[in-house]
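Asks: Pasted the sequence and its predicted model underneath.
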Amino acid sequence: MSLWGRIAQRVPRVRANIGRNQERRRSPKGRIATVLVCVLAGLMITVAAIAARGTDLRSDRGADLRDLIVTQGQRNEELRDQAASLNAEVNSLTDAQPGSIDLTQVTAAEENASLVPVTGPGVRVTLTDAPNDVKPAGVDDDALVVHQQDIQAVVNALWAGGAEAMTIQGQRVISTTGIKCVGNTVVLHGIPYAPPYVIEAIGDQEGLMAGLDDSRAVQIYRQYVDAYGLGYSAEKRDALELPGYSGQVGLRHARQG
């Protein structure tokens, strides 16, 4: 038999096989399975829509964290004011208590712990971010803002210059004070602050200014001030009024070095 004859005999078989495959794909079981899958998918979509109730199932966790920080900061401020009021009441009752108890040592301890307000001459340092319109080519945005290490550099320089008492953003600095960066804010004693950052220190003015000038870390920050427009000012003040620290002073954890 010729080649064309053999091909002609196989064509009907191929067509028959195609027809049988189509019949198998269109069988009742296949149709039922397809319907069940569609019904199940629709049910899942409906349940998800009801559970979401129009809300975003993938909410912005960063925004939630910022809101939590602000809310907790406000709560900390309220608790701090409440603690200050209670301390004032305790002091008033103690002063009114008759007796011959010598409170000199207690008063000295409170002064050393920065728990009482102080007044005197000193220096005020202000740090600010670069202006929003400053966008140097090839410079990361982190180089244009004030960081916790910049504030810490000023604090250390003032202590080295002989500071007797200090505040950051109006909060008294004590031995356990920590400065932390959270996003574009600085958290101090649980309260977030935005720039400008104001650090005030009471002490010998010449010594305080010399401490700032001699600090290598402050010198590096001032290079960024000159290059990118960050803010820095240090001015003498004849009379600074620093409040006493009103938060918790007890240590919760300690580790032997």
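Replies: Cool, got the structure. Not measured: the values here are computed from a predicted model. Numbers count the residues shown, from 1 in each chain.

Asks: mind listing the helices for the stretch 51-200 of the chain?
Replies: Ranges of helices in the stretch 51-200 of the chain, per DSSP state H, counting those that start in this stretch, are 61-96, 104-112, 148-160.

Asks: Least confident of the ones you listed, on average?
Replies: Lowest mean pLDDT of the helices of the stretch 51-200 of the chain: helix 104-112, a mean of 59.

Asks: Just give me the neighbour total for Val155.
Replies: When counting by other C-beta atoms under 10 Å, one arrives at 19 neighbours for Val155. The way it works is simple: take the backbone N, C-alpha and C, and place the C-beta from them, glycine included.

Asks: residues in contact with it?
Replies: By C-beta atoms under 8 Å, 6 or more residues apart in numbering, the contact list for Val155 reads Met166, Ile168, Val173, Ile179, Ile199.

Asks: Confirm for me that the second one is in contact with Ile179.
Replies: Which is Ile168. Yes. Counting by C-beta atoms under 8 Å, Ile168 does reach Ile179; the two are 7.3 Å apart.

Asks: which ones are touching Ala217?
Replies: Listed by C-beta under 8 Å, 6+ apart, the contact set of Ala217 reads Gln149, Asp150, Ala153, Asn156, Ala157.

Asks: let me redo that: Ser246
Replies: For Ser246, the contacting residues are Arg80, Asp81, Ala83, Ala84, Asn87, Leu115, by C-beta under 8 Å, 6+ apart.

Asks: pLDDT below threshold where in this structure?
Replies: Counting by pLDDT under 70, the ranges of the chain that qualify are 1-31, 35, 39, 43, 46-70, 72, 93-114, 247-257.

Asks: all strands for it, in order.
Replies: Taking DSSP state E to define them, one finds strands in the chain at 118-128, 165-168, 171-172, 179-182, 185-188, 191-193, 197-202, 231-242.

Asks: Run me through the strand neighbours of the last one, direction for each.
Replies: For strand 231-242, the paired strands and their directions (DSSP bridges) read strand 118-128 (antiparallel).

Asks: Mind listing what's buried along the strand it pairs with?
Replies: Val118, Gly120, Gly122, Val123, Arg124, Val125, Thr126, Leu127, Thr128 (16 or more other C-beta atoms under 10 Å).

Asks: can you list these in JSON lines and add distance to Val37?
Replies: Below are those laid out as JSON lines (distance: C-beta to C-beta, whole Å):
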{"residue": "Val118", "distance to Val37": "77"}
{"residue": "Gly120", "distance to Val37": "80"}
{"residue": "Gly122", "distance to Val37": "77"}
{"residue": "Val123", "distance to Val37": "75"}
{"residue": "Arg124", "distance to Val37": "72"}
{"residue": "Val125", "distance to Val37": "69"}
{"residue": "Thr126", "distance to Val37": "67"}
{"residue": "Leu127", "distance to Val37": "63"}
{"residue": "Thr128", "distance to Val37": "62"}
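
Asks: With respect to Ala41, which of those is nearest?
Replies: Relative to Ala41, the closest of the buried residues of strand 118-128 is Thr128; by C-beta to C-beta it sits at 56.1 Å.

Asks: and that closest one, how far is that from Pro192?
Replies: According to C-beta to C-beta, to the nearest Å, Thr128 and Pro192 sit 16 Å apart.

Asks: so what's Glu235 bridging to?
Replies: On the basis of DSSP bridges, Glu235 is bridged to Arg124.

Asks: How many neighbouring residues does it have?
Replies: 10.

Asks: related to what we said a few turns ago, compare Ile168 and Ile179 (neighbour count), which wins?
Replies: Remark: of Ile168 and Ile179, Ile168 carries more neighbours, 23 against 19, as counted by other C-beta under 10 Å.

Asks: Great, nothing more from me.
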